[in-house]
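Participant: Here is a sequence together with a model predicted from it:
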Amino acid sequence: LMKEIELKERISHLERGLRLLGDDLEGIMKIKGAIEDIKAEIKVLKIYLGRVNPDFKSQYPEIVKKLKG
């Protein structure tokens, strides 16, 4: 009887943990989707800036290097 109660408690804890992990995963997937949207928007902006200002294409890698460094 005691082992059965302990097992039920452990199962209950595991179920709660799985629910929390599921919630976390759902949040991560939403963030991932937002990041993908931002990446697409940045790509569009880079293409646009390259057309409007042809020097942008050659200056972009240098700008990124300065931001990272």
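Facilitator: Sure, I can see it.
Participant: And the pLDDT at Ser58?
Facilitator: Among the per-residue scores, Ser58 shows a pLDDT of 92.
Participant: in stretch 52-67, what counts as buried?
Facilitator: For stretch 52-67, burial by neighbour count (16 or more other C-beta atoms under 10 Å) applies to no residue. Every C-beta, even on glycine, is put in place using the N, C-alpha and C of the backbone.
Participant: Check which helices and strands the top helix by length along the chain is in contact with.
Facilitator: When the chain is parsed with DSSP state H, its longest helix is helix 2-52. If contacts are counted by 3 or more C-beta pairs under 8 Å, 6 or more residues apart in numbering; DSSP states H and E, helix 2-52 sits against helix 55-68.
Participant: can you give me how far the helix it packs on is from the chain middle?
Facilitator: Helix 55-68 sits 25 Å away from the centroid of its parent chain (C-alpha atoms, centre = their mean, to the nearest Å).
Participant: contacts for it?
Facilitator: Outside helix 55-68, the residues within contact range by C-beta atoms under 8 Å, 6 or more residues apart in numbering are 46, 49-50.
Participant: tell me the angle of the lowest-mean-pLDDT helix or strand in the chain relative to helix 2-52?
Facilitator: Least confident helix or strand of the chain, by mean pLDDT, DSSP states H and E, is helix 55-68 with a mean of 93. Angle, helix 55-68 to helix 2-52, by axes from the mean of the first three to the mean of the last three C-alpha atoms, to 10 degrees: 140 degrees.
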